[in-house]
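Student: Model the structure of this input:
(one chain, ligands or ions: 2)
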Amino acid sequence: MWAGGSGDEAGGMNTSATHTDAHPSPNPAPRLAIQAIGLYKTYGKGDAQVRPLDDLSLDIEAERFTAIMGPSGSGKSTLLNMLAGLDTPDSGEVFIGRTAISRLGDRKLTALRRDRIGFVFQSFNLVPAMSAEENILLPLQLSGQKTDGRIFDRMVDLLGLRERLGHRPHELSGGQQQRVAVARALVAQPDVLVADEPTGNLDSNSGEEVLNILRASVDELGQTVVMVTHDPRAASRADRVVLLADGRLAGELAHPDPESVSTALMNVTASTARPAAASAPAAAHAPTDGGAR
Ligand SMILES: Nc1ncnc2c1ncn2[C@@H]1O[C@H](COP(=O)(O)OP(=O)(O)OP(=O)(O)O)[C@@H](O)[C@H]1O
Ligand SMILES: [Mg+2]
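Tutor: Numbers count the residues shown, from 1 in each chain. Ligands and ions are numbered 1, 2, ... in the order given. A predicted model of the protein is given here:
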């Protein structure tokens, strides 16, 4: 039922001739949900100029869980925003499915975000006056889509929210609120779910629950998930960890575990550390992050 994408381009966005279905190979190339090519982004001018993205290219495979890590200020959120069509690069291109976002006007970009991307943020972003159920269904209502009761029920059960549907956000724990936010992001069956530090405000048990759900959405529903995190344990739940430093790709791990992620993150952080710049912000964001020291 759930094919991990409802868009018209769910068949993949690869334009390369090697990615056709006509000649299946023993190791077929992965279907890509998002492709970022040569992204540059600059803020400010002169001495105050920062370049959070500096010729960054990245493929996000469909139906996989990708984690993005890197020191504070390395460009993770900037990249995630570009991958989700929330922001546009100064140059370079992002394909969401087969759609090149630079060619879309504001209205089409808004519609693409609404219809094809699910968002989860560190701060939950629920509507305080609405119940959990109303919050979950809000994006569908805003886009005029009908609620698929089976998907709603499956989501609510998967996320363990059945008993909480009538509760407002202030009546829920942080972990429950974030699960409502994940349900809200998933119920519209987005092509891609992006999450920026979704466990950053949660204790380790609640964070674990949210990670279990993200993992299950990939394994059981075929969802594509891209998550920024500072926590090597969280990142190790992903299929692949991508490391950023100074707006560039600084490495990746295909089979991450907490130790290998911690080591890789330490190496990247050490290699990019600048006097009086790198250590304090990184530590401030990583209270449970053994690898960011
Ligand atoms: N709107 C903006 N205006 C000016 N500078 C910005 C803006 N957004 C980001 N930056 C700068 O770009 C750089 C990268 O920011 P970004 O938020 O992508 O980092 P990050 O890796 O997500 O960091 P953190 O781990 O602290 O969340 C930083 O130096 C930041 O100050
Ligand atoms: Mg960030």
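Student: any idea which element the one residue sitting closest to the centre of the chain lies in?
Tutor: Centroid-nearest residue in the chain, with Cα atoms, centre = their mean: Val194, separated by 2.4 Å. Under the criterion of DSSP states H and E, Val194 resides in strand 192-196.
Student: can I have that strand written out in PDB, keeping just the CAs?
Tutor: Extracted in PDB, the C-alpha atoms of strand 192-196 (Å, rounded to 0.1, in the frame of the first residue of the first chain):
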ATOM      1  CA  VAL A 192      10.800  12.600   2.000                       C
ATOM      2  CA  LEU A 193      10.700  13.400   5.700                       C
ATOM      3  CA  VAL A 194      13.300  15.900   6.900                       C
ATOM      4  CA  ALA A 195      14.100  16.300  10.600                       C
ATOM      5  CA  ASP A 196      16.500  18.900  12.100                       C
END
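Student: what's the next secondary structure element after it?
Tutor: Next along from strand 192-196, by DSSP H and E: helix 204-221.
Student: on that earlier part again, can you list the strands that the strand holding Val194 pairs with?
Tutor: strand 117-121 (parallel), strand 224-228 (parallel) (DSSP bridges).
Student: average pLDDT for the first one?
Tutor: Just to be clear, that refers to strand 117-121. Mean pLDDT, strand 117-121: 94.
Student: quick one: that strand near ligand 1?
Tutor: No. Strand 117-121 lies apart from ligand 1 when judged by Cβ under 6 Å from any ligand atom; the minimum separation is 11.5 Å. Where C-beta positions appear, they are placed from N, C-alpha and C, glycine not excepted.
Student: ok, and what's touching whichever helix or strand comes after that strand?
Tutor: Using DSSP H and E, the helix or strand that follows strand 117-121 in sequence is helix 132-142. Helix 132-142 is contacted by residues 114, 126-127, 130, 146-147, 152, 155-156, 161, 164-169, 172, 176, 180-181, 183-185, 187-188 when judged by Cβ atoms under 8 Å, 6 or more residues apart in numbering.
Student: Moving C-terminal from helix 132-142, which element do we reach first?
Tutor: With DSSP H and E, the next secondary element past helix 132-142 is helix 149-158.
Student: Perfect, I'm done here.
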